[in-house]
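Undergrad: Here is my input; please provide its structure:
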Amino acid sequence: MKALILAGGLGTRLRPITYEIPKPLLPVKKRPILNHLIQLFDRYGASEIGVLVSRSHENDFALWRKNWEHDLPNEKISIFFEEKPSGTFGWLKNLRPWLADEKFILSNGDELKDLNLQKLKDFHEANSPVATIALVPVPNPHEYGVPVLDNHRILEFIEKPQNPPSHFINSGLYILEPEIFNYANLDQDFLMIEKDVFPKVAAAGRLIGLKFEDGRWYDCGNLERWEKAMNEW
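TA: Okay, here's the model as predicted:
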């Protein structure tokens, strides 16, 4: 199964640092966040790993690849360039030849994850959904999107609820069937999978979530959370 990492974000909440360094290349324990993610997918047997980056960061990622070639399974890695901001799903239609009409893993590129991907794969295979989301517990779910669950089926997400239905949130890690594209308006250039695609999949009863009670997950999206990741990873 191929894995695709979304690494094209501008990192506005981490400025001014991200004026100089793309967010996925920020270090945690002296290694870029992106390296940690690639090694996770390699460890669990991803056949190929794609990294989707902004064309404006082309030189940054070329230098990253050169400097870290000793730390990466380079033969597995492909870098794709997003010519304009397209959200978390908009540019994926251009990668369909690479995805080859097969199920794939999709991950945000600004979160540290150490989750059992084999467990996620087995759960996905056993339930035959269009999309499976890895759900992780956090102490502050009111700051995130919290799923409303019927057993393991996701009915909807409540954004930043005052009274969260649980402590589990979307981890930004998914297994997606190729049918996911049937739930997206591909005439639009900018699409967010969380807002434009998943609600349609949920309405069809084909969106499920697996709760990870164990494992590690850190959101590095702002300075406070990035510092927490550096201290605890």
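Undergrad: and residue 173, which of the three is it?
TA: On the three-state scheme (DSSP: H, G, I helix; E, B strand; the rest coil), residue 173 is labelled strand.
Undergrad: what bridges to it?
TA: Under DSSP bridges, the beta-bridge partners of residue 173 are residue 107.
Undergrad: give the contact list for it.
TA: By Cβ atoms under 8 Å, 6 or more residues apart in numbering, the contact set of residue 173 is 105, 106, 107, 108, 111, 113, 115, 120, 133, 134. Every C-beta, even on glycine, is put in place using the N, C-alpha and C of the backbone.
Undergrad: ok, the fifth one - contacts?
TA: If a contact means Cβ under 8 Å, 6+ apart, then residue 111 has 33, 171, 172, 173, 217, 218, 219, 220, 221 as its contacts.
Undergrad: Show the pLDDT at the residue nearest to the first one when sequence neighbours are not counted.
TA: Distances taken as Cβ to Cβ, 6 or more residues apart in numbering place residue 24 nearest to residue 33, at 5.4 Å, with adjacent residues excluded. Each residue has a pLDDT score; the one for residue 24 is 93.
Undergrad: And residue 144, by the same measure?
TA: Note for residue 144: predicted pLDDT of 85.
Undergrad: From residue 78, how far out is it?
TA: For residue 144, the distance to residue 78 equals 30 Å [Cβ to Cβ, to the nearest Å].
Undergrad: Please say which of those two ends up with more neighbours.
TA: A direct count of neighbours by other Cβ atoms under 10 Å for residue 144 and residue 78 places residue 144 higher, at 20 against 13.
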